[in-house]
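A.B. asks: Here is my input, please return the structure:
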Amino acid sequence: MRILIIHRSFALVGGAERVITDKANYLADEGHQLMLVSYEQGDHPLPYELHPSVQYRDLDCRFFTLSKYSAPKHLYLYFRLKKQFKNNLRSVVHEFKPEVVVLASDWQTLTGTVIESVNPVPVIAEFHNTYDYVMRKVGTSEGWLKAKLTQLYYRHTIKNLGKCAQLVVLTDSDARGWQQHFNNVTVVPNPVTLYPDVIDDIPKDPGRIIYVGRFNHEKRIDRLITAFSMISDKYPDWHVDIFGDGNEKENLLYQISKMNLEGRIVIHEPTKAIFDEYKRSEMLVLCSEHEASPLVLVEAMACGVPCVSMDCPNGPREIINDGYTGLLAKDGDIDDLSARIEWMILHEAERQKMGNKAREFAATRRLSSIMNKWNELYTSFHSLKC
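C.D. replies: Numbering: from 1, shown residues only. As a prediction, the model looks like this:
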């Protein structure tokens, strides 16, 4: 089967980019023909290796560059770039001749354009963000103009997504949100990229807490730094290693310095050997404002590492069984997050048991198991066509 997957950019070393790449590689191994298409990649290299048979194209339509222009020029250039996007995509579709197109980008304003450009090929909308985030539920009360624009966006998004053959979401919570509008919603969680056969081949770094992810405001890594600062004097043998990169890096370094935590909290560049880093750790902490289905939780759990996460909407609570495979802190409550981290520090035996149970859960998210669901979904469209 010929499958074309569209994503804004594969430049980031992120969970969505990893999942999409792994999915393409797996399907290629199964004999499907795959093409990945981006439109804002530019000259950035692909961070994850592709199967030799997977084709890749960039449409060279970098919408993000328009933010530097005034509103009138921004609008003019946007429609000009949108026309270029449509023409370039049509050319790629004519060349590749896909049987199904997957829109995995988070920019819903292009949904209608994609559907029009690839018609009559069916389009699957694949979400890597929460329902509330996509529908911009936050911020609708910030004045009448903001409320009106949000309402227009809401209606436009619903109208275009209604033309999709299928909507695929990561959690049951998000499915309930979308099912208010559509009846063609399927839940397929993120697979774990690697499920190590052995997890004790790398010795633990005693007292190590790990964080993995992008450094942006929504990830709220500042909460972890503050939470650790509240207990750091009590537990001098414990420390935090943070892996990632992003526009919040300088702010995080400043916060670490201001709280006199240099050496206790260290920021590292992203690494392709992240599973080795999980294995070295005692626990992983996540403190985001929202998460669809955070891959880092399942990756850490696959390595037998229990996790502490804020109970943000919507993904963590569908991965962590509170008190059994990890701990959930009250959403946005830094005091509670600090208390949960401290509980993990003090209860070594229970922490190890949670890690074992977490690894059992992660086994249900193995790539082969999750990809069977995607395979069934894609081939159902192939069967309909036949």
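A.B. asks: any chance you could map the helices in this structure?
C.D. replies: 15-29, 71-96, 111-118, 131-134, 144-161, 172-178, 221-229, 249-258, 274-279, 295-302, 334-346, 348-363, 367-385 (DSSP state H).
A.B. asks: measure His32 to Arg57 for me?
C.D. replies: Separation of His32 from Arg57 (C-beta to C-beta, to the nearest Å) stands at 17 Å. C-betas here are computed from N, CA, C, even on glycine.
A.B. asks: if we can go back for a sec, of the helices of the chain, which shows the lowest average pLDDT?
C.D. replies: Note on these: lowest mean pLDDT is at helix 144-161, with a mean of 74.
A.B. asks: most neighbours per residue, which of the helices of the chain?
C.D. replies: helix 295-302 (a mean of 27; mean count of other C-beta atoms under 10 Å).
A.B. asks: Report all helices and strands that that helix contacts.
C.D. replies: Packing partners of helix 295-302 (3 or more C-beta pairs under 8 Å, 6 or more residues apart in numbering; DSSP states H and E): helix 15-29, strand 208-212, helix 274-279, strand 283-286, strand 307-310, helix 348-363.
A.B. asks: relative orientation of it and helix 348-363 in degrees?
C.D. replies: 110 degrees (axes from the mean of the first three to the mean of the last three C-alpha atoms, to 10 degrees).
A.B. asks: in stretch 202-221, what counts as buried?
C.D. replies: 202, 208-215, 219-221 (16 or more other C-beta atoms under 10 Å).
A.B. asks: What is the end-to-end distance of it?
C.D. replies: In stretch 202-221, first residue to last residue: 26 Å (C-alpha to C-alpha, to the nearest Å).
A.B. asks: same thing with stretch 1-9?
C.D. replies: Start-to-end, stretch 1-9 (C-alpha to C-alpha) is 24 Å.
A.B. asks: hmm, who's touching it?
C.D. replies: 16-17, 20, 23-24, 27, 32-42, 44, 89, 92-93, 96-107, 114, 118, 378-379, 382 (C-beta atoms under 8 Å, 6 or more residues apart in numbering).
A.B. asks: pLDDT averaged over that stretch - what is it?
C.D. replies: pLDDT averaged over stretch 1-9 gives 94.
A.B. asks: in that stretch, what's buried?
C.D. replies: Neighbour-count burial for stretch 1-9 flags 1-9 (criterion: 16+ other C-beta under 10 Å).
A.B. asks: among those residues, which two are most distant?
C.D. replies: Met1 and Ser9 (25.2 Å; C-beta to C-beta).
A.B. asks: Show the contacting residues for the residue lying closest to Gln179 once chain neighbours are set aside.
C.D. replies: Leaving aside its chain neighbours, Gln179 sits nearest to Val185 (5.3 Å; criterion: C-beta to C-beta, 6 or more residues apart in numbering). Val185 sits next to 166-169, 175, 178-179 when contact means C-beta under 8 Å, 6+ apart.
A.B. asks: Can you tell me which of the residues you listed end up in strands?
C.D. replies: Residues of the contacts of Val185 located in strands (DSSP state E): 166-169.
A.B. asks: ok, of those residues, which one's closest to Asp336?
C.D. replies: Nearest to Asp336, judged by C-beta to C-beta, of the ones in strands among the contacts of Val185 is Val169 at 27.9 Å.
A.B. asks: which residues touch that closest one?
C.D. replies: 127, 131, 175, 178, 185-188, 292.
A.B. asks: so what's Asp322 closest to, chain neighbours aside?
C.D. replies: Leu328 is the one closest to Asp322 (C-beta to C-beta, 6+ apart), at 4.4 Å.
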